[in-house]
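J.: all I have is the shape, not the residue letters:
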Ligand code: SF4
Ligand SMILES: [Zn+2]
Ligand SMILES: [Zn+2]
């Protein structure tokens with residue numbers, strides 16, 4: 001068995017940054033220390049915050065739930081965090097996740113709130129994707145889901161009265177988002193990526209991503225080190241995303257040249273100081289169709305439904 005550099009316990013893994021062998025306990029301590037450092041560097045949380053955790057039941061959000069429960073919220077009461085679960089209505093995927101989510105939220109004893117697309121939009125994601133294909137739209141299931149999930153999470157955060165919305169996006173996701181916007185030539189979205197929580201307009205709950213500097217393999221190791229139970233069935237639409245091509249490319253680069261991912265995020269961090277990101281967007285409109293506050297005359301959800309010719313209720 002390989003020797004560790006931390007103590008006399010057997011080696012669990014090699015730290016990606018220092019390349020030193022660490023035992024299970026010291027790996028977890030280092031992981032948690034790095035996440036706490038990210039939270040404080042980007043001023044993600046204030047003591048009075050009530051956190052909404054966008055919870056899918058998958059490994060990343062379960063690892064974040066474990067981190068909040070065992071590291072950050074030990075000295076606070078359980079009403080400082082609410083799990084916000086979005087039920088998109090994806091057959092063969094979400095039903096089994098919801099079962100696991102119920103067990104996990106009981107184990108951690110946090111309140112959970114389920115927001116379903118059917119309740120919010122009057123149709124499941126499966127139905128909306130079907131309709132979109134029929135209309136000849138080239139939008140991927142993930143592009144549709146992304147727009148609808150954002151609204152659903154914001155709706156859930158207001159319902160649960162949270163002050164910050166945490167998601168388990170990790171270093172891999174962040175690097176992919178940066179590169180994706182670069183490749184699409186979308187300067188606006190490239191500039192809007194921010195790791196410090198920003199209230200873009202009054203009805204939008206600021207988002208935080210505490211795992212933004214830890215990689216997906218590190219999260220898997222953390223989840224396994226803590227024997228976490230999670231939902232591991234992949235979403236049937238996952239392979240349709242453009243993100244998939246970028247994920248494959250970046251993970252090949254990371255394997256060949258470690259630190260590729262963190263370099264992308266750090267360069268974006270350095271460039272961010274030149275971007276002006278107003279706390280409150282100067283021009284906001286009430287959507288002409290659903291009345292939701294938005295930066296355009298018609299909100300992205302109503303634009304989407306118009307594009308695919310779907311008359312769906314928007315709560
Ligand atoms: S993989 Fe795509 S469709 Fe599936 S939950 Fe994620 S964003 Fe939605
Ligand atoms: Zn050790
Ligand atoms: Zn609208």
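T.: That came through fine. Remember, it's a predicted structure, so these values are computed and weren't measured experimentally. Ligands and ions are numbered 1, 2, ... in the order given.
J.: and stretch 215-234, how far from the chain's centre?
T.: For stretch 215-234, the distance from its own C-alpha centre to the chain's C-alpha centre is 15 Å (C-alpha atoms, centre = their mean, to the nearest Å).
J.: now do the buried residues in it.
T.: 215-216, 218-219, 221-223, 225, 230-231 (16 or more other C-beta atoms under 10 Å). In short, each C-beta sits where N, CA and C put it, glycine included.
J.: with stretch 249-263 instead?
T.: Residues of stretch 249-263 classed as buried by neighbour count (16+ other C-beta under 10 Å): 250-251, 253-254, 261-262.
J.: just those now: which is nearest ligand 2?
T.: Using C-beta to the ion, residue 262 comes nearest to ligand 2 of the buried residues of stretch 249-263, at 23.6 Å.
J.: check contacts around the residue nearest to the closest one when sequence neighbours are not counted.
T.: Leaving out its chain neighbours, the residue that sits closest to residue 262 by C-beta to C-beta, 6 or more residues apart in numbering is residue 171, at 6.4 Å. With contact taken as C-beta atoms under 8 Å, 6 or more residues apart in numbering, residue 171 is in contact with 211-216, 261-262, 265.
J.: identify each buried residue in stretch 30-38, please.
T.: Under the neighbour-count criterion of 16+ other C-beta under 10 Å, stretch 30-38 has 30-32, 35, 38 buried.
J.: rebuild the buried residues of stretch 215-234 as TSV, extending it with secondary structure, distance to residue 162 and pLDDT.
T.: What follows is the buried residues of stretch 215-234, written out as TSV (DSSP: H, G, I helix; E, B strand; the rest coil; distance: C-beta to C-beta, whole Å; pLDDT from 0 to 100):
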residue	secondary structure	distance to residue 162	pLDDT
215	coil	27	96
216	helix	26	95
218	helix	27	96
219	helix	23	97
221	helix	29	97
222	helix	24	98
223	helix	24	97
225	helix	29	97
230	coil	22	94
231	coil	23	92
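J.: who in the stretch 51-200 of the chain is up against ligand 1?
T.: 88, 141-142, 145-146 (C-beta under 6 Å from any ligand atom).
J.: of these, buried ones?
T.: Buried among those (16+ other C-beta under 10 Å): 88, 141-142, 145.
J.: ok, residue 172 to residue 265 distance?
T.: Going from residue 172 to residue 265 by C-beta to C-beta, to the nearest Å gives 10 Å.
J.: buried residues in the helix or strand residue 152 falls within?
T.: In this assignment (DSSP states H and E), residue 152 forms part of helix 141-160. The neighbour-count check on helix 141-160 (16+ other C-beta under 10 Å) flags 141-145, 147-157, 160 as buried.
J.: helices and strands around it, which ones?
T.: Helix 141-160 sits against strand 51-54, strand 81-87, strand 111-116, helix 117-121, helix 125-134, strand 164-166, helix 300-307, with contacts defined as 3 or more C-beta pairs under 8 Å, 6 or more residues apart in numbering; DSSP states H and E.
J.: identify the residue spatially nearest to residue 268, adjacent ones excluded.
T.: Residue 268's closest residue in space is residue 178 (C-beta to C-beta, 6+ apart), at 5.0 Å.
J.: so the one you found, which of the three states?
T.: Classification of residue 178 using DSSP: H, G, I helix; E, B strand; the rest coil returns helix.
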